[in-house]
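A.B. asks: would you be able to build a 3D model of this:
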Amino acid sequence: MALQVRRGTNAERLGITPALGELIFTTDSKRLYVGDGSTAGGLASAGLESLIADTTPQLGGNLDLNGQSITGTGSINITGTISASGNINLGDGVAGDVLVIGGSIQGHLVPDTDITWNLGSGSKQFNEAWISQLNVENQLTVGRIMGSLIADDSTVVFDSETGLVTADQLTGTLPAGVIPAAMTSNITGNLTGNADGAHTGTFDGDMTGSLFTDDSTLVVDGVNGSMHASSFIPNGDQIKVSSLSAATSVKQQIISLDLDSELILTRKSASDLSASSATLGTISFGVEDSNGAKSGAIILGNRNSLYLMADSTGVFTDATLAVTLTDGKLAVGSFGPATEKLDVVGNIKASGSIQPGVYADNTARDAAITSPVAGMIVFNTTGTKFQGYTGSAWADLN
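C.D. replies: Predicted coordinates for the structure are as follows:
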């Protein structure tokens, strides 16, 4: 059955003296009072009333919610350990909620769902993180990496102290757009894959494979070990072909398919060289030993002459050591041009017969030799006579 207590306003309560044990509830101040038989208005409740009025109430034991919740607006300040099981919701997702952690975190931070939640965002990033080991399953996007790069077998791939890539092998293909514009560090080891871009520096080591130009023309055939370029232009002033062994000679062979082969030396100039005697090309034979490097013989060509010289000094300025072919005339012992088909400066020693020029008569002789030189000998079939030029006239020698 319901227990009905005496009730009224607080002013009304003060106007009566409740009997001993009589309860009075004020409807305006919502408080409970107990009468003692002598005090006007009764005495304030020592139990529930004091709990409501106390601004710093304390518990004498554990608080059992008995399946209920604590709700309200305010703060919870606790010194000690909070132990909870079940779901813990901090914040309601509305901007402005802040979780402040001033202490250490003990235990693992594991999300409830795989590959769903983020740590930070593009606009709100953590400043720095110190992590002993970082395992990334998918993509790793970073602005820069400071430190060395170590492989799974503890091999140093990149040494940050020396700035060297020291991996034995770099295998794989970088996706488009990831290849750096320039790489200035050294790479030591084997490279497997494509390398796009200019290379500045020394390349030491073996290269396996073929070499192609930008238009896919085969330059070096890595299978047959041959060169197939239609034009091969060196980056410097020389193309060197050396033997791998000191006891092995070097041979170069030019083969064309069912056509003649050519070795062409061309001088390219923006100027007009038609009236010039400039050298167009030179084939040089030399030696490189303990005395240094020196040329011993050359074959030199210009616009209308071909020079053949052998000079142990390597200077090639002594005309007596030259053989010159100019406009179909050969000069021996001079730079030419020769005055006749054969123009020899110096003595001639013949081990066989010498055939002089043969002419039908004096008219044919003079037409062929317009500027005779003293000492010339011809054979005139008219009269079957050998004739010699004295320097002023032809004279019969027999």
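A.B. asks: list the residues that contact residue 301.
C.D. replies: 265, 279-282, 307 (CB atoms under 8 Å, 6 or more residues apart in numbering). Where you see a C-beta, it was placed from the backbone N, CA and C, and this is true even at glycine.
A.B. asks: kindly apply the preceding question to residue 302 instead.
C.D. replies: Counted by CB under 8 Å, 6+ apart, residue 302 has contacts 276-280.
A.B. asks: could I get the full set of helices for the stretch 101-250 of the chain?
C.D. replies: Secondary structure of the stretch 101-250 of the chain (DSSP state H, counting those that start in this stretch): no helices located.
A.B. asks: list of residues touching stretch 331-339?
C.D. replies: By CB under 8 Å, 6+ apart, the residues outside stretch 331-339 that reach it are 305, 307, 319-327, 329-330, 342-346, 371, 373.
A.B. asks: at 6 Å what do you get?
C.D. replies: 319-320, 322-324, 326, 329-330, 343-346 (CB atoms under 6 Å, 6 or more residues apart in numbering).
A.B. asks: quick one: end-to-end distance for it.
C.D. replies: 8 Å (CA to CA, to the nearest Å).
A.B. asks: how about that stretch: buried residues?
C.D. replies: 331-336, 338 (16 or more other CB atoms under 10 Å).
A.B. asks: in JSON lines: the contacts of residue 301, plus pLDDT, secondary structure and neighbour count.
C.D. replies: Shown next, in JSON lines, are the contacts of residue 301 (pLDDT from 0 to 100; DSSP: H, G, I helix; E, B strand; the rest coil; neighbours: other CB atoms under 10 Å):
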{"residue": "265", "pLDDT": "87", "secondary structure": "coil", "neighbour count": "11"}
{"residue": "279", "pLDDT": "88", "secondary structure": "coil", "neighbour count": "15"}
{"residue": "280", "pLDDT": "89", "secondary structure": "coil", "neighbour count": "16"}
{"residue": "281", "pLDDT": "90", "secondary structure": "strand", "neighbour count": "13"}
{"residue": "282", "pLDDT": "90", "secondary structure": "strand", "neighbour count": "14"}
{"residue": "307", "pLDDT": "93", "secondary structure": "strand", "neighbour count": "20"}
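A.B. asks: make TSV from these and add distance to residue 248 to it.
C.D. replies: Below are the contacts of residue 301 laid out as TSV (distance: CB to CB, whole Å):
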residue	distance to residue 248
265	27
279	32
280	33
281	28
282	26
307	32
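A.B. asks: which of the residues you listed sits closest to residue 352?
C.D. replies: residue 307 (27.0 Å; CB to CB).
A.B. asks: show me the contacts for the closest one.
C.D. replies: 300, 322, 324.
A.B. asks: and it, bridged to which residues?
C.D. replies: For residue 307, the beta-bridge partners are residue 300, residue 324 (DSSP bridges).
A.B. asks: let me see the domain layout of this structure.
C.D. replies: 1-53, 279-349, 351-398 (automatic domain parsing).
A.B. asks: need phi/psi at residue 33.
C.D. replies: Dihedral angles phi and psi of residue 33 (degrees, to the nearest 10) take the values phi -130, psi 150.
A.B. asks: OK, contacts around the spatially closest residue to it that is not a sequence neighbour?
C.D. replies: Closest residue to residue 33 apart from its sequence neighbours, by CB to CB, 6 or more residues apart in numbering: residue 42 at 3.8 Å. By CB under 6 Å, 6+ apart, the contact set of residue 42 is 18, 24, 33-35.
A.B. asks: mind putting the residues you listed into CSV with neighbour count, distance to residue 163 and secondary structure?
C.D. replies: Converted to CSV, the contacts of residue 42 look like this (neighbours: other CB atoms under 10 Å; distance: CB to CB, whole Å; DSSP: H, G, I helix; E, B strand; the rest coil):
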residue, neighbour count, distance to residue 163, secondary structure
18, 21, 94, coil
24, 22, 90, strand
33, 23, 87, strand
34, 18, 88, strand
35, 21, 94, coil
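A.B. asks: which of those sits closest to residue 5?
C.D. replies: Among the contacts of residue 42, and counting by CB to CB, the member closest to residue 5 is residue 24, at 6.9 Å.
A.B. asks: next up, the contacts around the closest one.
C.D. replies: By CB under 6 Å, 6+ apart, the residues touching residue 24 are 6, 13, 18, 33, 42.
A.B. asks: and the contacts of stretch 361-379?
C.D. replies: Under the contact criterion CB under 6 Å, 6+ apart, stretch 361-379 has outside partners 356-359, 382, 386-389, 391.
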